[in-house]
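Novice: 3D, please:
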Amino acid sequence: MVALSILPPPLALDRPAPFGFGAFIVTRRWRDEAEVASYAHGYGAGYDPERMRSHIETLFTPETMALIHIAAPSFSRRHKLAPLPYSSSYSRYIPRCGLRRNIHAVIPHDQLVHAARVGGISIHGPNPTAIQRIGRLHTEAQATWLFWVIAACPPRIRRSVLAGYVAWTKLQKAKGCGSTV
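Specialist: A predicted model of the protein is given here:
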């Protein structure tokens, strides 16, 4: 699974603005083992949006499922996990791979913050500037994945997966690494 948080490029008639994406990648290796990685990339105003698509494409294999974070207003109770509609403005940046489906997660900011806290990370402010948002896209992607784990996994699996995630975050902090691969 690749959990993505995307700040889309401006439309053709909009002012040039920075854009980018954050990805949290979980790859199942064995029955009870997974590999985890986090990746983020920002692009300056005026960059070709196709560069973002090609960078996102490199994160996918034929077996990959995408979980795409779509922000919803805070305290909105209309959160949902659903198949990604083909007409979505995000669809041109997400490759369709194999037989796997892409899921979008419409998550209100307060619930994204809660999911982040479960994982021991923090997301501040519901209305960041474009530059602030680029700086936290990888964190939003992780929080989106955490939200999915909480909402979609049975309790036994959830405990195991969250324990593995907490171990990974502690290893990352101990290494002194950033959140890129």
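Novice: switch to C-alpha atoms for all contacts and neighbour counts from now on
Specialist: Noted.
Novice: what number of residues lie near Ala72?
Specialist: Here the number of neighbours of Ala72 (other Cα atoms under 10 Å) works out to 19.
Novice: Where is the longest helix in the protein?
Specialist: helix 130-152 (DSSP state H).
Novice: C-terminal to the worst-scoring helix or strand of the chain on mean pLDDT, which secondary structure element comes first?
Specialist: Ranked by mean pLDDT, DSSP states H and E, the weakest helix or strand in the chain is strand 80-83, scoring a mean of 51. Later in the chain than strand 80-83, the nearest helix or strand by DSSP states H and E is strand 103-108.
Novice: That next one packs against which elements?
Specialist: strand 66-72, strand 80-83, helix 130-152 (3 or more Cα pairs under 8 Å, 6 or more residues apart in numbering; DSSP states H and E).
Novice: Let's see that with 7 Å instead.
Specialist: Helices and strands touching strand 103-108, by 3 or more Cα pairs under 7 Å, 6 or more residues apart in numbering; DSSP states H and E, are strand 66-72, strand 80-83.
Novice: Distance of the residue of the chain most remote from its centre relative to Ile134?
Specialist: Distance from the centre of the chain peaks at Leu13, with 27.1 Å (Cα atoms, centre = their mean). With distances taken as Cα to Cα, to the nearest Å, Leu13 is found 22 Å from Ile134.
Novice: and Val166, which of the three is it?
Specialist: Counting by DSSP: H, G, I helix; E, B strand; the rest coil, the backbone at Val166 sits in helix.
Novice: er, Pro10 actually
Specialist: Three-state assignment for Pro10 (three-state DSSP): coil.
Novice: Averaged pLDDT, stretch 114-125. What do you get?
Specialist: Per-residue pLDDT over stretch 114-125 has a mean of 89.
Novice: what's the first-to-last distance across it?
Specialist: Its first and final residues considered, stretch 114-125 spans 13 Å by Cα to Cα.
Novice: what do you get for stretch 120-137?
Specialist: Termini of stretch 120-137 sit 16 Å apart (Cα to Cα).
Novice: now stretch 27-39
Specialist: Length of stretch 27-39, first residue to last, Cα to Cα: 14 Å.
Novice: Distance from that stretch to the middle of the chain?
Specialist: Going by Cα atoms, centre = their mean, to the nearest Å, the spacing between the C-alpha centre of stretch 27-39 and its chain's C-alpha centre is 16 Å.
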